[in-house]
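Asker: I'll drop the sequence and a predicted model, then ask my questions.
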Amino acid sequence: MRKPKSVSFQIGWNACINCGACVAVCPHDAGFISPFDTIAVDQPCDIACLLCEDICPVTTITHTVVEA
Amino acid sequence: MQENYDVVIIGSGPAGTTTARIAAQNNLKVLLVDKKQELGSPIQCSGAISHHGLVSVGVSPEAEFIHEAIYGFDILNEKGDSKKIDYRQLKPDTYGAAADKNPLGYVVDRRRFDRYLMTQAERAGVEVWLKTEGLNYEVTSDGNCEVQLRRFNQELTVKTKVLVGADGLQSQVGKWAGLTTHIKLAELASCLQFIVDQVETNGLLEIITGHEWAPGGYAWIFPKGNGYAEIGLGVARTMTEQNAQWHLDHFMKNSFFKERFKNSKILEIQGGGVPLAAPLKTQYADNLILVGDAARHVNPITGGGLHTALSGGWIAGNFLGDFLASKVPATAENLKRYQDEWLVALGNKMWKLYGIKSQIFKTKDITKRDQMLYQTMSDYFSPDSEFKKI
């Protein structure tokens, strides 16, 4: 499946263990983070590599497509 | 009025606090900031560190932060065949529980440990601000830099000669300077661990290898004091369709230890990313150096990051003492000396370990790969290992 151009991330906060692994694999410049040591959820991601979803130990990151 | 410091450190984990303490002992004016209100949590670490790793950087093993003393290792393969490396038997004159002997290492409580290290830094003269996050930094025309901080919702700027990024795996400080700090998916182990009751341990760090249980990583059972244990594992998500949580469940329910785990009760859930990666190629920029997880000062074979954080902090703190006394400008070119010193003391061995690790995990044949990892782990923890001080 072709990766979308731009996505918006949602985090299931109930399962999130605030480990920061999603931020550690994120190729964005500084600042694509939330106050809870996760990737940003308040701005679209135009890289859409989705590595953050893969690394999450508890698989609690999902996305909606902003631009296909 | 804007405060001036010799060194500002962002991140008050083991690397940041050690850098701070040693820099202060070198007569530098140091500010250490951390965005948290309590250090050490959420815990993302098993807490294992060698006795040598503590005392070599001037930290005495204190009951305040020790969960349990460790005397050796038990390395298991995918079938459960065990190779015990118990230093109580191998070197009984040195290692043991008796008063005139030492443990080989400890499992520490990261909440207490990080706070203890911060206390030692404060006692050495370091100023500490909690609830303070770093926002950015800017090199100024006088050769220093300004660091923008937010402290209890108040934005402020402090001036410093060198900024130290000790802000962990998810480091933003390095990115401020344009350094490439993100880790490849294949090289960040996705880890999960449970602190459990009713699983017996015997003073050994148990390391369980094998693709069946932890593809691209390993599983562990560590003593956690008071009869508790921690059971965890790390996996490379490029080598499995399942997440760490699924693998930990599989390991606990289906492995050769399933009877041992049968009555285990989960007390805490912890997790994180552990870089099984090479050290960062560039750990410095103008008026800036990185230390600890932020510089990927993590052992690529074991994933151990406590000793390497403390040692890196010790190197950074002493380097900054000499460097700032010499009055040379804190340009990237001059700060490269920090990385050079670190490479000689520690980094070159870590690069070598990274080479070994890469050889293992690029082996396609699973049986062969499992054998290689088991052998490497067994050698690594043996008394004649060339890497035993890492």
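Answerer: Sure, I can see it.
Asker: name the residues of chain A found near chain B, please.
Answerer: A:17-21, A:23-27, A:29-31, A:33, A:37, A:51, A:54-59 (Cβ under 8 Å from any Cβ of the partner chain). Where C-beta positions appear, they are placed from N, C-alpha and C, glycine not excepted.
Asker: show me what contacts residue B:350?
Answerer: Each residue near residue B:350 by Cβ atoms under 8 Å, 6 or more residues apart in numbering or on different chains is listed here: B:278-279, B:297, B:299-300, B:308, B:390.
Asker: ok, now with 6 Å
Answerer: By Cβ atoms under 6 Å, 6 or more residues apart in numbering or on different chains, the contact list for residue B:350 reads residue B:279.
Asker: so residue B:268 is in contact with residue B:196, correct?
Answerer: No: taking contacts as Cβ atoms under 6 Å, residue B:268 lies outside contact range of residue B:196: 8.7 Å.
Asker: for the chain, what spans make up the helices?
Answerer: With no chain named, the answer covers chain A. A:21-24, A:51-55 (DSSP state H).
Asker: oops, chain B please
Answerer: Using DSSP H, helices in chain B cover B:14-25, B:51-55, B:87-90, B:110-123, B:173-176, B:244-254, B:258-261, B:306-325, B:332-342, B:348-361, B:366-380.
Asker: chain neighbours aside, what residue packs nearest to the residue sitting nearest the centre point of chain B?
Answerer: In chain B, the residue lying closest to the centroid (Cα atoms, centre = their mean) is residue B:305, at 1.9 Å. Spatially, and ignoring its direct neighbours in sequence, residue B:305 is nearest to residue B:298 (4.2 Å; Cβ to Cβ, 6 or more residues apart in numbering or on different chains).
Asker: quick one: that neighbour from residue B:30, how far?
Answerer: Separation of residue B:298 from residue B:30 (Cβ to Cβ, to the nearest Å) stands at 24 Å.
Asker: repeat for residue B:123
Answerer: Where residue B:30 is concerned, residue B:123 sits at a distance of 12 Å (Cβ to Cβ).
Asker: between these two, which one's more packed in?
Answerer: Neighbour totals were compared for residue B:123 and residue B:30, and residue B:30 leads with 27 against 10 (other Cβ atoms under 10 Å in any protein chain shown).
Asker: show me the shaky parts of chain B.
Answerer: Applying pLDDT under 70 to chain B picks out residues B:1, B:388-390.
Asker: show me what from it comes close to chain A.
Answerer: B:42, B:44, B:169-170, B:172, B:175-176, B:182-183, B:185, B:188, B:190, B:192, B:237, B:243-245, B:271-273 (Cβ under 6 Å from any Cβ of the partner chain).
Asker: quick one on the thing from earlier: the residue nearest to the centre of chain B and residue B:299 touch, don't they?
Answerer: No: counting by Cβ under 6 Å, residue B:305 sits too far from residue B:299 to count as a contact (7.1 Å).
Asker: residues in contact with stretch A:51-68?
Answerer: A:4-12, A:15-16, A:21-22, A:25-26, A:39, A:44, B:185, B:188, B:190, B:192, B:237, B:243-245, B:271.
Asker: the closest residue to residue B:106 other than its chain neighbours and residue B:303, how far apart?
Answerer: Distances taken as Cβ to Cβ, 6+ apart put residue B:66 closest to residue B:106, at 4.9 Å, once the chain neighbours are dropped. As judged by Cβ to Cβ, residue B:66 and residue B:303 stand 21 Å apart.
Asker: with residue A:16 instead?
Answerer: 22 Å.
Asker: okay, now residue 50: neighbour count?
Answerer: The chain I'm using is chain A. By other Cβ under 10 Å, the residues close to residue A:50 number 17.
Asker: my bad, chain B
Answerer: Counted with other Cβ under 10 Å, residue B:50 comes out at 19.
Asker: those strands in chain A, which residues are they?
Answerer: Secondary structure of chain A by DSSP state E: the strands cover A:6-11, A:61-67.
Asker: quick one, which of the residues of chain A next to chain B are buried?
Answerer: A:17, A:19-21, A:23-26, A:30, A:33, A:37, A:51, A:54-59 (16 or more other Cβ atoms under 10 Å in any protein chain shown).
Asker: what is the end-to-end distance of stretch B:314-334?
Answerer: 19 Å (Cα to Cα, to the nearest Å).
Asker: which one is residue B:82 nearest to, not counting chain neighbours?
Answerer: residue B:76 (5.0 Å).
Asker: got any ranges where chain A has weak pLDDT?
Answerer: A:1.
Asker: let me know how buried the residue nearest to residue B:106 is, in neighbour terms.
Answerer: Residue B:66: 20 neighbours (other Cβ under 10 Å).
Asker: in the sheet, who's paired with it?
Answerer: Beta-bridge pairing of residue B:66 under DSSP bridges involves residue B:108.
Asker: residue B:150 versus that one, what's the distance?
Answerer: 35 Å.
Asker: tell me the contacts of the residue nearest to residue B:34 when sequence neighbours are not counted?
Answerer: Leaving aside its chain neighbours, residue B:34 sits nearest to residue B:12 (3.6 Å; criterion: Cβ to Cβ, 6+ apart). Contacts for residue B:12 (Cβ under 6 Å, 6+ apart) come out as B:32, B:34, B:39, B:118.
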